[in-house]
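Participant: Below is the sequence, then the predicted model.
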Amino acid sequence: SQELEQSPQSLIVQEGKNLTINCTSSKTLYGLYWYKQKYGEGLIFLMMLQKGGEEKSHEKITAKLDEKKQQSSLHITASQPSHAGIYLCGADKTGTASKLTFGTGTRLQVTL
Amino acid sequence: GAVVSQHPSRVICKSGTSVKIECRSLDFQATTMFWYRQFPKKSLMLMATSNEGSKATYEQGVEKDKFLINHASLTLSTLTVTSAHPEDSSFYICSARDGTTNTIYFGEGSWLTVV
């Protein structure tokens, strides 16, 4: 099975600081999805990466997929309290988005 | 943006009864929908993949007869927990794949409590 590891497991940053969350796979990723979740609520789609070296940005969040397609990073610039939550990466095993396998999640807290 | 709606958001049922959770894609056709279960402070566990018009594909260890999945149309999939027991209490969440973009969107989730 394809294992996904996220690091760090939890993170506390001061408002305004930058941060990076990593997602590493033991196998090549055909597609990598990033989501944000507040506990007990649904997942909010952030970005989807499919090509090696691809980088996408939305507002203050940037996600990259490395050339080997085994590692992705999510970078938040000038963090805000609204960024707090659980960030999950999900891997497409087949290239057809037939199902996603999720990482363990990174819990982000942003302090004032 | 694409929206997946899940209903009900919270449900309490008595042990031994059945409960149905609906998952609807509101502005795109979803040929494939997925059902997950999430335990407290844990990641998502895929239960089954639901394809429109065909039988669901269940993950290993998930009881087909207990968790009935129906995907009758391109915008609706349902999960029925049959003969529910307290250990079935959990957060269930669905997702739907937009076939034109391969983007997978999630519903808001449903809290099931079996008493």
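Facilitator: It's in.

Participant: which residues does the residue most central in space within chain B contact?
Facilitator: By Cα atoms, centre = their mean, chain B has its centre lying nearest to residue B:35, at 3.7 Å. By Cβ atoms under 8 Å, 6 or more residues apart in numbering or on different chains, the contact list for residue B:35 reads B:23, B:46, B:47, B:48, B:50, B:67, B:69, B:77, B:79, B:92, B:93, B:94. Just so you know, the C-beta spots here come from the backbone N, C-alpha and C atoms, and that holds for glycine as well.

Participant: what about stretch B:91-105, near chain A?
Facilitator: Yes - contact of stretch B:91-105 with chain A (Cβ under 8 Å from any Cβ of the partner chain) involves B:91, B:93, B:95, B:97, B:102, B:103, B:104, B:105.

Participant: Angles on the backbone of the second one, please.
Facilitator: With angles defined as degrees, to the nearest 10, residue B:93 shows backbone torsions of phi -140, psi 140.

Participant: do the last one as well
Facilitator: Residue B:105 has phi and psi values of phi -110, psi 150 when expressed as degrees, to the nearest 10.

Participant: Quick check, it in contact with residue B:4.
Facilitator: Yes - Residue B:105 is in contact with residue B:4 according to Cβ atoms under 8 Å; the separation is 4.7 Å.

Participant: how about the residues of chain B that lie near chain A?
Facilitator: Within chain B, the positions near chain A by Cβ under 8 Å from any Cβ are B:1-2, B:4, B:6, B:32, B:34, B:41, B:43-44, B:46, B:49, B:91, B:93, B:95, B:97, B:102-109, B:111.

Participant: Overlap of the contact sets of residue B:105 and residue B:4?
Facilitator: B:25, B:95, B:96.

Participant: Now go through these and say which are in strands.
Facilitator: B:25, B:95, B:96 (DSSP state E).

Participant: hmm, which helix or strand of chain A has the shakiest average pLDDT?
Facilitator: strand A:100-102 (a mean of 88; mean pLDDT, DSSP states H and E).

Participant: Would you give the sheet partners of that one, along with the direction of each?
Facilitator: strand A:85-92 (antiparallel) (DSSP bridges).

Participant: buried sites along the partner strand?
Facilitator: Using 16 or more other Cβ atoms under 10 Å in any protein chain shown as the test for burial, strand A:85-92 gives A:85, A:86, A:87, A:88, A:89, A:90, A:91, A:92.

Participant: follow-up on the earlier one: looking at the ones in strands among the shared contacts of residue B:105 and residue B:4, which is nearest chain A?
Facilitator: The closest of those to chain A turns out to be residue B:95 (Cβ to the nearest Cβ; 7.5 Å).

Participant: Tell me how many other residues crowd the closest residue to residue B:30 other than its chain neighbours.
Facilitator: Excluding its sequence neighbours, the residue lying closest to residue B:30 (Cβ to Cβ, 6 or more residues apart in numbering or on different chains) is residue B:96, at 3.6 Å. Neighbour count of residue B:96, defined by other Cβ atoms under 10 Å in any protein chain shown: 31.

Participant: Any figure for the gap between residue B:96 and residue B:103?
Facilitator: For residue B:96, the distance to residue B:103 (Cβ to Cβ, to the nearest Å) stands at 10 Å.

Participant: on that earlier part again, which of residue B:105 and residue B:4 has more neighbours?
Facilitator: residue B:4 (27 against 24).

Participant: Please name the residues that touch that one.
Facilitator: Going by Cβ under 8 Å, 6+ apart, residue B:4 touches A:42, B:23, B:24, B:25, B:26, B:30, B:94, B:95, B:96, B:105, B:106, B:107.

Participant: Provide the backbone phi and psi angles at it.
Facilitator: phi -120, psi 130.
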